[in-house]
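In: With the sequence up front, the predicted model follows.
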Amino acid sequence: MSVRIYRPARNAMQSGQAKSQRWALEFTPEAQPRSVEPLMGWTSSTDTLNQVKLWFDTKEEAIAYAVREGLAYTVIEPPAEGARRAIAYSDNFKSDRIGTWTH
């Protein structure tokens, strides 16, 4: 049984970093295909571990849990974040602004 350890990306509907600082551990899906239930047409699976997602404060805690439980794990590192440039709205109207004037 194998698991993925990763830090999820932030929600596209928010500008902050909420819920993106914790690390998630989730089980990789089994090779069994999903089946369609004939009466209602719902998709079902016998793999219940794909519904489990565990949260950890640090990557090391998640790795320690996987090792303690005997799970093969893969760590997916988050992409490097660029430095944010702090600017004010009034900087758009500076006379020594670099680039073309768009107003």
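Out: Happy to help now that I have it.
In: packing partners for the lowest-mean-pLDDT helix or strand in the chain?
Out: When the helices and strands of the chain are compared on mean pLDDT, DSSP states H and E, strand 43-44 comes out lowest with a mean of 84. Contact analysis of strand 43-44 by 3 or more CB pairs under 8 Å, 6 or more residues apart in numbering; DSSP states H and E lists strand 35-36 as its packing neighbours. Where C-beta positions appear, they are placed from N, C-alpha and C, glycine not excepted.
In: which neighbours does the strand it packs on have in its sheet, and in what orientation?
Out: Strand partners for strand 35-36, identified by DSSP bridges, are recorded as strand 43-44 (antiparallel).
In: For this structure, which segments count as helices?
Out: Listed in chain order, the helices of the chain (DSSP state H) span 59-69.
In: Any stretches of it with poor pLDDT?
Out: By pLDDT under 70, the weakly predicted segments of the chain are 19, 82, 99-103.
In: make it 90
Out: Scanning the chain for pLDDT under 90 picks out 1, 8-21, 29-35, 37-39, 41, 43-51, 78-103.
In: Can you show me the strands along it?
Out: 2-6, 23-27, 35-36, 43-44, 53-56, 72-76 (DSSP state E).
In: Pull the contacting residues for Arg22.
Out: Contacts here follow CB atoms under 8 Å, 6 or more residues apart in numbering; on that basis Arg22 touches Arg7, Trp55, Phe56, Asp57.
In: any idea which of these is the one closest to Ala80?
Out: Distance to Ala80 across these (CB to CB) is lowest for Arg7, with 12.3 Å.
In: Who are the contact partners of the closest residue to the closest one other than its chain neighbours?
Out: Once flanking residues are discounted, Arg7 sits nearest to Pro78: 4.6 Å by CB to CB, 6 or more residues apart in numbering. Contacts of Pro78 were listed using CB under 8 Å, 6+ apart, and they are Tyr6, Arg7, Ala9.
In: Nice, that's everything, thank you.
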